[in-house]
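Make a model of this:
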Amino acid sequence: MTEQEKRQQILNEVAEYCREFHKVNTDFKEGDRINYAGRVYDEKEMVNLVDSALDFWLTAGRYTEQFEKQLGEYLGIRYVSLVNSGSSANLLAFMTLTSPLLGEKRVKPGDEVITVACGFPTTVTPIIQYGAVPVFCDVTIPQYNIDVEQLEQALSEKTRAVMIAHTLGNPFDLQTVREFCDKYDLWLIEDNCDALGSRVKLRDAQGNEYWKYTGTVGDIGTSSFYPPHHLTMGEGGAVYTNDPLLHKIARSMRDWGRDCICPPGRDNYCGHRFDKQYGELPTGYDHKYVYSHFGYNLKATDMQAAVGCAQLEKFPGFVKQRKDNWRRLWIALSPVNDRIKLPKALPDSDPSWFGFMITVPHGMRESVVAHLEENNIQTRMLFAGNLTRHPCFDEMRKSGTGYRIAGTLENTDRIMKDSFWVGVYPGMTEAKIDFIAKCIKEAMV
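Modelled structure (predicted):
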């Protein structure tokens with residue numbers, strides 16, 4: 001038996017194992033656990049994972065190249081860099097804007113970045129860790145995205161960038177935010193970790209309308225591939241851009257800050273490994289060990305990418321199922337729309353929903369969430385609620401420095417107190433969606 005024949009035999013057995021021992025039980029009876037999210041996979045992911053393991057190429061390799069290429073083709077964007085998490089993607093995206101290669105447009109310590117406090121902390125963390133200043137805008141209800149009316153109020157002579165997330169798959173007002181950034185020559189980072197597959201309708205200067213995926217309108221977009229997200233490879237994320245300079249910087253910072261572009265395991269890819277002079281190094285110093293940035297090692301493994309490649313094949317179906325589940329839940333809850341605030345999509349958008357947000361009358365969230373959890377329905381808050389009220393902000397709150405608030409965070413505080421969300425991921429069945437709606441309506445009586 002040849003090596004290839006032996007490999008195929010192993011992979012066939014893996015596929016059979018998965019079909020037999022990883023069966024998905026779609027039967028549901030009231031009281032069964034309903035998670036807000038989870039992995040949706042079959043033998044293709046497991047076969048890819050083992051195929052990569054048999055290569056024993058433990059860092060980025062052929063599956064990484066395939067995933068980056070195919071994700072870029074799906075999004076219609078030129079450059080994709082796979083990383084080890086969505087949080088790392090946000091870190092890399094922001095730090096890319098601090099590169100000296102960007103000249104006067106680089107973000108420096110003390111510069112301001114417009115963002116929101118209502119969301120996941122790692123959209124904001126890189127700003128603070130670098131020494132820049134987040135400027136927090138409020139959000140709207142029931143879209144739960146940045147209140148674009150506050151953008152001008154948030155602006156100052158120190159503003160250099162806008163970095164915000166699309167909330168639970170619902171795009172923020174990209175038309176207004178992009179025009180604002182263009183007007184004041186600001187960078188725009190789209191945290192697309194909860195919105196992969198969402199689209200928005202935009203208008204160009206001549207009034208022509210066109211559709212684009214979220215994450216591709218800003219200068220840089222980011223994604224997360226953690227198990228609850230739109231597609232998964234376990235741990236993983238991505239940074240993407242159409243700008244070749246930003247891509248060059250991101251790759252450098254992802255890969256230890258090195259100047260060299262050689263892929264792992266390939267020497268002298270550029271053909272000039274020993275014939276140039278850099279900084280104050282001697283001429284001919286090995287280019288593989290020349291560093292143009294203070295970087296990191298944020299690469300994912302090829303085994304993770306192998307899982308991601310199988311997930312990408314299923315991704316359009318995942319997006320459709322999320323939309324169907326969200327719509328079914330919205331219709332089921334519409335009879336109590338006078339008592340609770342149901343989520344609302346951005347006009348001229350096509351969201352790939354991550355979750356279903358609900359805001360209840362003040363003082364009721366605790367009892368509603370308790371009723372759902374007692375019925376084995378998993379719930380989640382909108383992440384930090386109001387990030388500025390968390391212990392990590394204690395010292396900054398006391399000193400009154402390190403961040404700024406534009407206007408008030410009135411809606412942010414209301415969401416912190418009165419809002420929660422439930423899942424609509426592709427593993428949901430109609431019976432589960434209907435039971436969630438039933439329990440929410442019961443709790444509102």
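
from the middle of its chain, how far away would stretch 195-204 be?
Averaging C-alpha positions (Cα atoms, centre = their mean, to the nearest Å) puts stretch 195-204 15 Å from its chain's average.

neighbouring contacts of that stretch?
The contact list for stretch 195-204 (Cβ atoms under 8 Å, 6 or more residues apart in numbering) reads 165-166, 168-171, 174-175, 178, 192, 209-215, 217, 223, 229-231, 315-316, 318-319, 322, 346, 348-352, 354. Yep, even glycine has a C-beta here, placed from its N, CA and C like the rest.

In helices only, show me these.
Using DSSP state H, the subset of the contacts of stretch 195-204 located in helices is Leu174, Gln175, Arg178, Phe315, Pro316, Phe318, Val319, Arg322.

now these as a markdown table including pLDDT?
A markdown table is the format used below for the ones in helices among the contacts of stretch 195-204 (pLDDT from 0 to 100):
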| residue | pLDDT |
| --- | --- |
| Leu174 | 98 |
| Gln175 | 98 |
| Arg178 | 98 |
| Phe315 | 98 |
| Pro316 | 98 |
| Phe318 | 98 |
| Val319 | 98 |
| Arg322 | 98 |
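
Pull out the buried residues from the contacts of stretch 195-204.
The neighbour-count criterion (16 or more other Cβ atoms under 10 Å) marks 165-166, 168-171, 174-175, 178, 192, 212-215, 217, 223, 229-231, 315, 318-319, 322, 346, 348-352, 354 among the contacts of stretch 195-204 as buried.

Now the residue lying closest to Arg78 once chain neighbours are set aside. Its backbone dihedrals?
In this structure, Arg78 finds its nearest non-sequential neighbour in Asn242, 4.9 Å apart by Cβ to Cβ, 6 or more residues apart in numbering. The phi and psi torsions at Asn242 (degrees, to the nearest 10) take the values phi -100, psi 0.

dump the residue contacts of Asn242.
Ile77, Arg78, Tyr79, Thr216.

let's see it at 10 Å
Gly72, Gly76, Ile77, Arg78, Tyr79, Thr216, Gly218, Asp219, Ile220, Gly221 (Cβ atoms under 10 Å, 6 or more residues apart in numbering).

Which stretches in this protein count as helices?
3-21, 43-55, 62-75, 86-96, 125-130, 151-154, 174-184, 244-254, 302-333, 365-374, 394-399, 410-418, 430-443.

Show me the shaky parts of the chain.
Along the chain, no part satisfies pLDDT under 70.

residue contacts, the most centrally placed residue in it?
In the chain, the C-alpha nearest the mean C-alpha coordinate belongs to Cys193, at 1.0 Å (Cα atoms, centre = their mean). Each residue near Cys193 by Cβ under 10 Å, 6+ apart is listed here: 85-87, 89-90, 119-120, 122-123, 165-166, 215, 221-226, 229-230, 237-238, 354.

Apply 8 Å and report the result again.
By Cβ under 8 Å, 6+ apart, Cys193 lies in contact with Gly86, Ala89, Asn90, Phe120, Ala165, Thr222, Ser223, Ser224, His229, Gly237.

So which of those residues is the closest to Gly257?
Compare each of the contacts of Cys193 with Gly257 using Cβ to Cβ and the shortest gap goes to Ala89, at 16.9 Å.

and the closest one, how many neighbours does it have?
Ala89 has 32 neighbouring residues, counting by other Cβ atoms under 10 Å.

I'd like the distance between it and Phe136.
With distances taken as Cβ to Cβ, to the nearest Å, Ala89 is found 21 Å from Phe136.

cool, and Pro361?
According to Cβ to Cβ, Pro361 stands 26 Å off from Phe136.

and the two? which has more neighbours close in?
Remark: of Pro361 and Phe136, Phe136 carries more neighbours, 24 against 12, as counted by other Cβ under 10 Å.

List the beta-bridge partners for that one.
Thr115, Ile405 (DSSP bridges).

which residues does it contact?
Thr115, Val116, Ala117, Leu387, Thr388, Tyr403, Arg404, Ile405, Ala406, Leu409, Thr412.

Could you pick out the buried ones from these?
Buried residues within the contacts of Phe136, counting neighbours by 16+ other Cβ under 10 Å: Thr115, Val116, Ala117, Leu387, Thr388, Tyr403, Ile405, Ala406, Leu409, Thr412.
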